[in-house]
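Colleague: Below is the sequence, then the predicted model.
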Amino acid sequence: MVPSFINVFRALVKSERFVFGTGHVDAKDINQYKCINVMICKELKIPTTITSDLAYLCGVFAGDGSINIRKEKYEYSLKCVGNPADEKEFYLQIIKPIFKRVFCHALEIRSFDKDTTFGFRVFSKKLVTYLIEVIGLPCGRKYDSLDIPAVFFRDEILLLNFIRGVFDTDGCICFKRKYRAVPYYPVISLSSRSPVFIKSISSVLKGLGLKVFELYDYKLKDVRASGGFTVISRIDLNGQKNLVLWTKKIGFLSPKHSNKIKKYWKEK
């Protein structure tokens, strides 16, 4: 039986022509993927099954992405960019192949915004419609309505992959000195301008047994903002026990994060 949300999507795009096909991948754990059916369109393929890969990408889109529609120009776009200083490997080696698996579309990864950002931009009404109407990602000013999409609460593996994608893009890991000469104390952090989003993620992490420090609606100095600051909310996962549990339950795919953890354990 075709899931009801797919019927909704088909109704949304019924005026356009599709050919049906299938793609197959194995599913074993959080890093593996379920069998996926797809609808082939002109530019890319729209999934008819929500998979771990798709959930992860949606977490990435929630973090680094922006979805925009300009109807007067018939422009439907997804732009997703990060820091060129330390995220080129992430976009080229992680995001590009996963996007190809999910949407059967080879991304053009490049610099944007006068070389200050690095990632991709896709123009597709089908993709944008799917992400908004089926998945539930926000369009335009995302922080006004950003939250974990309800579709990912159907399966814990999907939910954790979504959160992994968020932390890979908007999260960070650092090691503090505290009272020692060398950094030794791990802290995994996530910040967002959406307190609702942070609270939802915090609730999931607490449910996994992680100890979460929460800070809401505080002013962070930001010279780019009109008032000189940005109001954000943040969660921290402090200490080695949290790091071990995080790695076991969710972990990172981003090389800049995972390499820090590998180095930490190597030097222990």
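Modeller: Structure's in. What do you need?
Colleague: Quick check: end-to-end length of stretch 162-178?
Modeller: When the termini of stretch 162-178 are compared using Cα to Cα, to the nearest Å, they are 32 Å apart.
Colleague: Quick check: closest non-adjacent residue to Phe229.
Modeller: Lys219 (4.4 Å; Cβ to Cβ, 6 or more residues apart in numbering). The way it works is simple: take the backbone N, C-alpha and C, and place the C-beta from them, glycine included.
Colleague: Now do stretch 142-160, average pLDDT.
Modeller: The average pLDDT within stretch 142-160 is 96.
Colleague: could you show me where the strands are in this structure, in order?
Modeller: According to DSSP state E, the chain carries its strands in the segments 19-23, 36-40, 45-47, 65-70, 75-82, 110-112, 117-123, 171-176, 185-192, 213-221, 229-238.
Colleague: what bridges to the nearest residue to Ser191 once chain neighbours are set aside?
Modeller: Excluding its sequence neighbours, the residue lying closest to Ser191 (Cβ to Cβ, 6+ apart) is Arg234, at 4.5 Å. Legend: beta-bridge partners of Arg234 under DSSP bridges are Ser191, Leu215.
Colleague: do the one 4 residues further on as well
Modeller: Residues in a beta bridge with Asn238, per DSSP bridges, are Val187.
Colleague: and it, what is it in contact with?
Modeller: Tyr185, Pro186, Val187, Lys211, Phe213 (Cβ atoms under 8 Å, 6 or more residues apart in numbering).
Colleague: if we can go back for a sec, what about the residue nearest to Phe229, how many residues close to it?
Modeller: Neighbourhood size, Lys219 [other Cβ atoms under 10 Å]: 12.
Colleague: Assess the claim that it and Gly228 are in contact.
Modeller: No. The criterion here is Cβ atoms under 8 Å, and Lys219 misses it with Gly228 at 9.1 Å.
Colleague: any idea how far the nearest residue to Cys172 once chain neighbours are set aside lies from Tyr143?
Modeller: Spatial nearest neighbour of Cys172, chain neighbours left out: Ser189 (5.4 Å); criterion: Cβ to Cβ, 6+ apart. Ser189 sits at a distance of 18 Å from Tyr143 (criterion: Cβ to Cβ, to the nearest Å).
Colleague: Who has more neighbours out of the two?
Modeller: Ser189 (17 against 13).
Colleague: pLDDT at that one, what is it?
Modeller: For Ser189, the model assigns a pLDDT of 98.
Colleague: what sits against it?
Modeller: Contacts of Ser189 (Cβ under 8 Å, 6+ apart): Gly171, Cys172, Ile173, Cys174, Arg234, Ile235, Asp236, Leu237.
Colleague: correct me, but Tyr216 touches Phe197?
Modeller: No. Using Cβ under 8 Å, Tyr216 is not in contact with Phe197; the gap is 11.2 Å.
Colleague: Pick out whichever of the two has more residues nearby.
Modeller: Phe197 (23 against 13).
Colleague: To Val244, which of the strands of the chain lies closest?
Modeller: Of all those, it is strand 185-192 that lies closest to Val244, at 9.4 Å by Cβ to Cβ.
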